[in-house]
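Asks: from the sequence below, what's the structure:
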Amino acid sequence: MATKTAQDLALPVGVTLDRFIMRSQSAFPYATGDLSQLLRDIALAGKIIDREVNRAGLVDISGGVGTSNIQGEAQQKLDVVANIRFIRALKNGGEVCAIISEEDEEIIYTGNDNGKYVVAMDPLDGSSNIDVNVSIGTIFSIYHRVTPIGTPATIEDFMQGGRKQVGAGYILYGSSTILVFSTGSGVNGFTHEHSLGEFILSHKNIRCPLDGKIYSLNDGYYDGFQASVQEYVLDCRRRDYSARYIGSLVGDFHRNMLKGGVYLYPPTQKDPNGKLRLLYECYPLAFLAEQSGGRATDGYGDILDIEPKSLHQRTPFYTGSVRMVEDIQARL
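Replies: Take a look at the predicted model:
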């Protein structure tokens, strides 16, 4: 057996997130360094949540807190922790003047009125999966503010529409922790290397396959779907497609973007306007879908073209491989 040389044992670590941002900064829409630092702030908060998630079974931060968020959903302890950690990181960074979060009804002001950006976020998507050690995630969307710098942000800064996003992404906490984001020049993924404490480029220029054989939806709501959606699901079964549904939007989206597939959260009798939130769930994932060669629709038009009307607006959501999304949209 051949022996390893010293050179073999000292293979390159890879491209760190910081190095990638520095090399790519000239391609950012607003290359002043502020957006670069904002992405670093998000990455830092992600590392902290990664630590909290990985020790959730050892300390008392799993389970519910006995309260509900603005959506009427039961809050988990890690929901609250993640919300606090991300708000704190964005406040301390100084680039963000205001935040909206799934966990808060109103705009969160950071005190940084000179900040050039606003952020919309779901700090911990799929948190009901924490207690059973299933993948969960953070979703974020970044806008360049439209109100004058030096003044408090207003709702106008968040009502710009999905096409105005200057960056979007998610952090997936699972068998490994991966930060995936785009600033409008493709999608790249970075895996957290715990021993170094660094995010390392692991998924360069992600491209979503044009077609796939995976469909992801909550089959328990089947009887409440409209007839066209029910027929699509039956066709998937007839074609021997694989049904894959984690119950964490980030996890399902990530798998389908890499392997090819479609994620469906149609309207139901219970939620006729859809259940997923437009600004901090659907907009950012639709941005990533399009940047990776996929598509996202509400069944009628592109998600990114929906006009926002409220901070916690909901929408039906179909996203993934272009041909699969077009197939279902043609039926609706």
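Asks: C-alpha only now, for contacts and for neighbours.
Replies: Will do.
Asks: who does the longest helix along the chain touch, helix- and strand-wise?
Replies: With DSSP state H setting the assignment, residue counts place helix 34-54 as the longest helix in the chain. Here helix 34-54 is seen to pack against helix 17-24, helix 77-93, strand 165-173 when contacts are counted using 3 or more CA pairs under 8 Å, 6 or more residues apart in numbering; DSSP states H and E.
Asks: of those, flag the one that's most buried.
Replies: strand 165-173 (a mean of 26; mean count of other CA atoms under 10 Å).
Asks: beyond it, next helix or strand please.
Replies: Along the chain past strand 165-173, the next helix or strand (assigned with DSSP states H and E) turns out to be strand 177-182.
Asks: measure how that following strand sits relative to helix 34-54, angle-wise.
Replies: 150 degrees (axes from the mean of the first three to the mean of the last three CA atoms, to 10 degrees).
Asks: helix 17-24 and the helix or strand that strand 177-182 is followed by, what's the angle between them?
Replies: Past strand 177-182, heading to the C-terminal end, the next element that is a helix or strand (DSSP H and E) is strand 188-193. With the same axes, to 10 degrees as the basis, strand 188-193 and helix 17-24 are set at 150 degrees to each other.
Asks: contacts for the helix or strand following strand 188-193?
Replies: Sequence order places strand 198-203 as the next helix or strand after strand 188-193, per DSSP H and E. Under the criterion CA atoms under 8 Å, 6 or more residues apart in numbering, residues 13-17, 20, 43, 178-179, 188-193 lie in contact with strand 198-203.
Asks: which of those count as buried?
Replies: In terms of neighbour count (16 or more other CA atoms under 10 Å), the buried residues within these are 16, 17, 43, 178, 179, 188, 189, 190, 191, 192.
Asks: any idea of the mean pLDDT for the longest helix of the chain?
Replies: For helix 34-54, mean pLDDT rounds to 91.
Asks: quick one, that helix and helix 77-93 angle?
Replies: Compare the direction of helix 34-54 with that of helix 77-93 by the same axes, to 10 degrees and you get 150 degrees.
Asks: and helix 34-54, what's buried?
Replies: Along helix 34-54, these residues count as buried under the neighbour rule (16+ other CA under 10 Å): 34-50, 52-53.
Asks: where does this protein have low pLDDT?
Replies: For the chain, applying pLDDT under 70 flags the ranges 1-13, 26-32, 56-75.
Asks: which residues of it fall in helices?
Replies: Assigned helices in the chain, in chain order: 6-9, 17-24, 34-54, 77-93, 227-238, 249-259, 283-291, 322-331 (criterion: DSSP H).
Asks: need those helices in JSON lines (columns: distance to residue 153).
Replies: Output for these, formatted as JSON lines (distance: least, CA to CA, whole Å):
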{"stretch": "helix 6-9", "distance to residue 153": "52"}
{"stretch": "helix 17-24", "distance to residue 153": "27"}
{"stretch": "helix 34-54", "distance to residue 153": "17"}
{"stretch": "helix 77-93", "distance to residue 153": "14"}
{"stretch": "helix 227-238", "distance to residue 153": "40"}
{"stretch": "helix 249-259", "distance to residue 153": "28"}
{"stretch": "helix 283-291", "distance to residue 153": "20"}
{"stretch": "helix 322-331", "distance to residue 153": "36"}
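Asks: show me how the protein divides into domains.
Replies: For the chain, automatic domain parsing gives the domain ranges 17-203, 214-331.
Asks: any idea how far residue 331 is from residue 271?
Replies: 20 Å (CA to CA, to the nearest Å).
Asks: so residue 325 is in contact with residue 317, correct?
Replies: No: Residue 325 is not in contact with residue 317 according to CA atoms under 8 Å; the separation is 10.1 Å.
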